[in-house]
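> have a look; sequence and predicted model below, questions after that.
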2 protein chains.
Amino acid sequence: MSDEQDLGITESKEHSPGEWYAEVVQKAGLADYAPMGGFIVTRPRGYALWESIQDHLDGWFKDTGVTNAYFPLFIPESYLEREKDIVEGFDPEVAWVTQGGHDELEERLAVRPTSESIIAPFIAKWTRSYRDLPMRLNQWCSVVRWEATETKPFFRTKEFLWQEGHTAHEDGDEAWEETMTRLDQYERLYEDVLAIPVLRGRKPPHDKFPGADTTTTVEALMPDGKSVQGGTSHYLGQSFAEAFDITFVDEDEEESVAHTTSWGLSWRALGALIMTHSDDQGLVLPPAVAPTQVAIVPIWQEDTKEEVLDYAERIAEELEAAGVSVELDDRDERNPGFKFNEHELNGVPVRFEIGPNEVEDERVTVVHRPDGESVEADRDGIADAVEDHFEDVHDKLYAAAEENLEENVREAHSPEDILGTIGRYGGYVKTPWCGDEACETAIKEEIAAEIVMTPLDDDAEPIGDDCGVCGDEAVETAYFAKSY
Amino acid sequence: MSDEQDLGITESKEHSPGEWYAEVVQKAGLADYAPMGGFIVTRPRGYALWESIQDHLDGWFKDTGVTNAYFPLFIPESYLEREKDIVEGFDPEVAWVTQGGHDELEERLAVRPTSESIIAPFIAKWTRSYRDLPMRLNQWCSVVRWEATETKPFFRTKEFLWQEGHTAHEDGDEAWEETMTRLDQYERLYEDVLAIPVLRGRKPPHDKFPGADTTTTVEALMPDGKSVQGGTSHYLGQSFAEAFDITFVDEDEEESVAHTTSWGLSWRALGALIMTHSDDQGLVLPPAVAPTQVAIVPIWQEDTKEEVLDYAERIAEELEAAGVSVELDDRDERNPGFKFNEHELNGVPVRFEIGPNEVEDERVTVVHRPDGESVEADRDGIADAVEDHFEDVHDKLYAAAEENLEENVREAHSPEDILGTIGRYGGYVKTPWCGDEACETAIKEEIAAEIVMTPLDDDAEPIGDDCGVCGDEAVETAYFAKSY
């Protein structure tokens, strides 16, 4: 990033969101395109964001009984075939290893598209008695799904990073509770860390994870009006346990079949993060995930350089000691304006400007990245004050995203109304639904929108008596949206 | 692990080290065998050890200018072919993806055996000026090498976990310094964290990383007399930079070719850890990596249960508050003897035994896992005292391994002497060496020992004038050993 002309974002988020997104990802140094279509290289600044997401989630997982493990990258074809829904669901998307060294393999090996079919047999092997349950395993790894679509970093790539959790339980209630615990943690990640409000729901039956009883989801609305499936938590019932013999001796010495769950969140969360908050100046990040939280830009003339730098250095040390990630940008060869632009492009949430006036007044000029708000702060107690600024920045980002979400959930009661509303505004259109996939298909064929979720609450009455598409009796409420 | 008969190690470390190792790995819950030969499943207790190694190394890497990134799992065949030494070095060991979904791929994709050939082109792309250097990238990932050998968990597997660092520098001195920095960190991991002394050296020219100028290594001696290559750091000179066009504009505005390094440490470190310290009771771990550092076993009768458990709980809380990883084993259904055995099997470094006597005397009985040493400690200040016990346990483990190493470096000056010494004692046999690979081959054909290293110090005189194998003029000292 040494050339000045590389620094500016030239595309407009409003007018060409796709090109704008690609430009932010590249110019902020988050990712680059690999030589093979569908693959990307995650650069240090992008990977640091993923590490931050990992740190948060992994801590919560461990606090709630999950242990990490690592299962093989490859799954023998015969294993993949043991759960027929899995085969049918993933077969067209699998990358196959057929040669090892100079030899043809006797059995093809799938590069894992997801690991239920290699993990479940081991959960079966390790589960003997109710004392071994619940068993909660998670792995952080990459998976490969050979989808032939245009590459969009972190949203659509043939290889992606994720975590996949797999658990087994004595009964269905406990497994359902587990499913909800993980969905709660995904919601918490989006809302409290990434500053993105989400809707919680379940996928319609025809869009469940292959073989699952229920697939639950958190959905985030992007500024361009499309929905992102932010993380999914599957209640698998007993279908996988039956297919893979996950049985145990219960407290009454009876042989029982376990109930299982699986749940995953991928680097798509990074895509949602970048797309939601960033602007035409570049990346915007909430402080909780920003690799650099504060950039200090000293502003000096030759005769004030020493005192300004001294003052800035002491502030940097104080912030560091308080656990703040801070960069003192004392480069000689760049002027303050250039530095402002660069830190804005890179999404540093808070900037400190320090010149001779600040030194004299024992103050700091604090600037918030999202809206450029500039505040004078006392030098004294700056390490405490900066935490308040972080909270402010987070709240501003969350509020803007929440406003976008609240304004873009609309109601419709006829096919024309559904199509017209999505066509005009994007966002979510909720409508009473009879439960028949054909009603989704009718909309999808016209406008490429689908049912991204139905509300989770089992007792919820649909918002009307008649299906908004076919007019038959409605049993629930469907949220239609275009989606990533 | 619910059945009592699973708890005991039945094999002997001294008499059948291979079977003993496999039994410890399985019974201590570290790993299991995958359905495909050459692959293993890393279970939570084994993965926690890997996470601990990652935490230590990753922190040191970041403190010394390294940033993490993630490059694709697959490398196009044409990329692998750009550095001819890499192709020749890895071609026989590559797993090839040839099908994506239902389609044959136009170009085969290698599952990464190491990532120089996909990372170097990006370092080339991102390096324009000397200001972009040094560039230091690291990734934690899995790699696949299709070697057809018997599976030995963490030592020989077709897929293994590792980190690979890749750096580019302005000149050779800086790149060499980088090579040494990483070797130092590997040495520190082994000695200060894993309690295993290592020898530092360089690989003989015929055993360097393909294309490297110099391959440096830390070697650890196992109790069975074989050497483990514990981590390698390669000074690549300019060969990769030339093959992949890693050039930059230097301070004088001249186009220059960079110097590069790469360095890696794999889960083989786990293998060395398990094999070095463990015994016929099971796993033995130094406190710095143990997932559970202290197991508290309360010993009660019905009438003393409440006071003993209360006392034990308060101690557990105090240790936890001090950052110690502690497990209070208050299971009703197991007796103390069973618990002792289980925690010994699992390698918990320190055990607290707490019965009515300890409560009355306000003391704790502290037992060290490696040697069973039992000490009475004051209840007061126990959280501080436990750190001293951790240090003691570490020192005991290190001292035993160091004694093994020191006793097993011998000198020989004729082929008969080299063969006889390795045959009788194992360990390292050092001998003056002319530098000719043929002299290694002569020994290798007789006894499967090879030159695992030569000392790093460039000025070191060989320990004799004549090559210990052929009698020609010696130029350095070779360390022969059998190795994993």
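Looks like it came in fine.
> tell me where the stretch 301-450 of chain A has strands.
A:326-328, A:350-354, A:363-368, A:374-378, A:409-411, A:428-433, A:450-455 (DSSP state E, counting those that start in this stretch).
> mind listing the strands the last one pairs with, and their directions?
The one in question is strand A:450-455. Strand pairing for strand A:450-455, determined by DSSP bridges: strand A:199-202 (antiparallel), strand A:476-481 (antiparallel).
> any residues touching the shortest one, and which ones?
Contacts to strand A:199-202, defined as CB atoms under 8 Å, 6 or more residues apart in numbering or on different chains, come from residues A:183, A:187, A:214-221, A:405, A:428, A:452-456, A:479. Placement of C-beta: from N, CA and C, glycine included.
> with the longest one instead?
In this structure, residues lying in contact with strand A:476-481 by CB under 8 Å, 6+ apart are A:199, A:201, A:204, A:219, A:221, A:225-227, A:409, A:418, A:422, A:426-433, A:435, A:439-440, A:443, A:449-455, A:460, A:462-463, A:468.
> buried subset of those?
By neighbour count, with 16 or more other CB atoms under 10 Å in any protein chain shown, the contacts of strand A:476-481 hold A:199, A:201, A:204, A:219, A:221, A:225-227, A:418, A:422, A:426-433, A:435, A:439-440, A:443, A:449-455, A:462-463, A:468 as buried.
> all helices for the stretch 51-200 of chain A, in order.
For the stretch 51-200 of chain A, helices defined by DSSP state H, counting those that start in this stretch occupy the ranges A:77-80, A:84-90, A:116-126, A:172-188.
> where does chain A dip in pLDDT?
A:1-7, A:86-87, A:458-459 (pLDDT under 70).
> what's the longest helix in it?
Counting residues, the longest helix found in chain A (DSSP state H) is helix A:382-407.
> chain center to that one: distance?
From the chain centre to the centre of helix A:382-407 is a distance of 19 Å (CA atoms, centre = their mean, to the nearest Å).
> so what does it touch, helix or strand wise?
strand A:214-221, helix A:268-277, helix A:305-321, strand A:350-354, strand A:363-368, strand A:374-378 (3 or more CB pairs under 8 Å, 6 or more residues apart in numbering or on different chains; DSSP states H and E).
> now those in CSV, with distance to B:Gly89?
Output for these, formatted as CSV (distance: least, CB to CB, whole Å):
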stretch, distance to B:Gly89
strand A:214-221, 45
helix A:268-277, 35
helix A:305-321, 44
strand A:350-354, 48
strand A:363-368, 52
strand A:374-378, 57
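> who wins for proximity to A:Thr260 among those?
strand A:214-221 (12.3 Å; CB to CB).
> need the next SSE after the closest one, C-terminal direction.
strand A:227-237 (DSSP states H and E).
> export that next one to CSV, keeping only CA atoms.
Extracted C-alpha coordinates of strand A:227-237, given in CSV (Å, rounded to 0.1, in the frame of the first residue of the first chain):
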residue,chain,number,x,y,z
SER,A,227,-30.4,-10.7,4.0
VAL,A,228,-27.4,-12.6,5.2
GLN,A,229,-27.7,-15.9,7.0
GLY,A,230,-25.3,-15.0,9.8
GLY,A,231,-25.0,-18.4,11.6
THR,A,232,-27.1,-21.5,11.9
SER,A,233,-27.8,-23.9,14.7
HIS,A,234,-29.4,-27.3,13.8
TYR,A,235,-31.5,-29.4,16.1
LEU,A,236,-30.9,-32.8,14.4
GLY,A,237,-33.3,-34.9,16.5
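> domains of chain A?
Following automatic domain parsing, chain A resolves into domains at A:4-277, A:294-388, A:409-481.
> deepest-packed of these, please.
domain A:4-277 (a mean of 20; mean count of other CB atoms under 10 Å in any protein chain shown).
> show me how far that domain is from its chain's centre.
On CA atoms, centre = their mean, the centre of domain A:4-277 falls 10 Å from that of its chain.
> relative to strand A:350-354, how tilted is the longest helix of chain A?
Angle, helix A:382-407 to strand A:350-354, by axes from the mean of the first three to the mean of the last three CA atoms, to 10 degrees: 140 degrees.
> still on that earlier bit, among the strands of the stretch 301-450 of chain A, which comes closest to B:Gln139?
Closest among these, once you apply CB to CB, is strand A:326-328, at 23.4 Å.
> direction included, what does that closest one pair up with?
strand A:294-298 (parallel).
> run through who's touching the partner strand.
So strand A:294-298 is contacted by A:308-309, A:311-312, A:315-316, A:319, A:324-330, A:336, A:339-340, A:343, A:348-355, A:386 (CB under 8 Å, 6+ apart).
> out of the strands of the stretch 301-450 of chain A, nearest to B:Lys158?
strand A:450-455 (40.5 Å).
> alpha carbons of that closest one, as CSV, please.
C-alpha atoms of strand A:450-455 as CSV (Å, rounded to 0.1, in the frame of the first residue of the first chain):
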residue,chain,number,x,y,z
GLU,A,450,-37.0,-16.5,-0.9
ILE,A,451,-38.3,-17.3,2.6
VAL,A,452,-35.2,-16.6,4.7
MET,A,453,-37.0,-17.4,8.0
THR,A,454,-40.2,-17.9,10.0
PRO,A,455,-40.3,-16.7,13.6
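> how far away from the center of its chain is that strand?
18 Å.
> over to stretch A:442-451?
The answer for stretch A:442-451 is 24 Å, by CA atoms, centre = their mean.
> what sits up against it?
By CB under 8 Å, 6+ apart, stretch A:442-451 touches A:204, A:207, A:415, A:418-419, A:422-423, A:429, A:433, A:440, A:469-470, A:478-483.
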